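Engineer: A predicted structure for the sequence below; I have some questions about it.
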Amino acid sequence: MLELVKAGGWPMIPLLILSAVALAIIIERLWTLRRRAVLPPQLGQEVRAWAATGKLDPAHIESLRATAPLGELLAAALDVRHRPREEIRERIEDVGRHLVHRMERYLNTLGTISAAGPLLGLFGTVVGMIQMFMVINDHGIGDVNQLAGGIGKALICTATGMIVAIPALMAHRWFRGRIAEYIVAMEHEAIALVDVLTPGTVESRQHEARAPVRLAGQAG
């Protein structure tokens, strides 16, 4: 492995740095975006049962806010539970946008790595080819086998760029899909809690059917 890095030359250094950054982001996001950490099981049902009793302790709401992103979203609805239904929905959407942004942290960096990896690899190959042709210009073609070996070494950067980019791209897409699933589930739990806090009329339900709660302001 060390020999391959040496053969690729100095363009391998940024590729290795990108690979380390991508690996760190993937590990951090895997831990942060665990389903249990984002959507604790039965939390929505417990909060609805708690809200239905009408005994809402501010300390309990703060504890709920610290449990998980879903808990923070439901706590935001409980903070304004005495306001009209539309204002509760607006608070949920506002807090939801911040939660989506937080869940998408570092994903733009991961996407940039997936796009930059092949370009850096190609750049390293071009640099290697330029150096090789400069040697040919000074000393002639010489040994054909040595020339083929030089071309192979120049292509090491391209292969490394792909090795860095492909896992980063796959992880980026997978995290995006996972966050989208979480958003749908959180919207469902938020609407269910709003129904408990403010049963509403038939007209308000029809209006919400046309304009449902949207948390995915930055997802996609």
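Structural biologist: Sure, I can see it.

Engineer: Would you mind listing the buried residues in stretch 164-175?
Structural biologist: Across stretch 164-175, burial judged by 16 or more other C-beta atoms under 10 Å covers Val164, Ala165, Pro167, Ala168, Leu169, Ala171, His172, Phe175. Using the backbone N, CA and C atoms, a C-beta is placed for each residue, glycine as well.

Engineer: Name the surrounding residues that touch it.
Structural biologist: Stretch 164-175 has contacts (C-beta atoms under 8 Å, 6 or more residues apart in numbering) with 15, 18-19, 22, 25-26, 29, 33, 107, 110-111, 113-118, 121.

Engineer: now the residues you listed: which count as buried?
Structural biologist: Among these, the ones that count as buried (16+ other C-beta under 10 Å) are 15, 18-19, 22, 25-26, 29, 33, 107, 110-111, 113-114, 116-118, 121.

Engineer: From the chain's centroid, how far away is the longest helix seen in the chain?
Structural biologist: The helix that spans the most residues within the chain, counting by DSSP state H, is helix 156-197. With C-alpha atoms, centre = their mean, to the nearest Å as the basis, helix 156-197 stands 5 Å off its chain's centre.

Engineer: tell me the mean pLDDT for it?
Structural biologist: The predicted model assigns helix 156-197 a mean pLDDT of 93.

Engineer: next one: stretch 126-140
Structural biologist: On average, stretch 126-140 scores 72.

Engineer: Output the lowest mean pLDDT helix or strand found in the chain.
Structural biologist: Ranking every helix and strand in the chain by mean pLDDT, DSSP states H and E puts helix 202-210 at the bottom, with a mean of 50.

Engineer: excluding its backbone neighbours, what's nearest Glu189?
Structural biologist: Gly44 (3.8 Å; C-beta to C-beta, 6 or more residues apart in numbering).

Engineer: Skipping adjacent residues, who's closest to Ile151 in space?
Structural biologist: Met132 (7.1 Å).

Engineer: Surely the one you found touches Ala154?
Structural biologist: Yes: proximity of Met132 to Ala154 meets the contact threshold set by C-beta atoms under 8 Å, at 6.4 Å.

Engineer: picking up where we left off before, so which of the buried ones among the contacts of stretch 164-175 are in helices?
Structural biologist: 15, 18-19, 22, 25-26, 29, 107, 110-111, 113-114, 116-118, 121.

Engineer: Now the two most distant members of those.
Structural biologist: Across these, the longest distance by C-beta to C-beta is 23.9 Å; it joins Arg29 and Gly121.

Engineer: one step back: and the angle from the strand or helix carrying the residue nearest to Glu189 to helix 156-197?
Structural biologist: Assignment of secondary structure by DSSP states H and E places Gly44 within helix 43-53. Our comparison of helix 43-53 with helix 156-197, counting by axes from the mean of the first three to the mean of the last three C-alpha atoms, to 10 degrees, yields an angle of 20 degrees.
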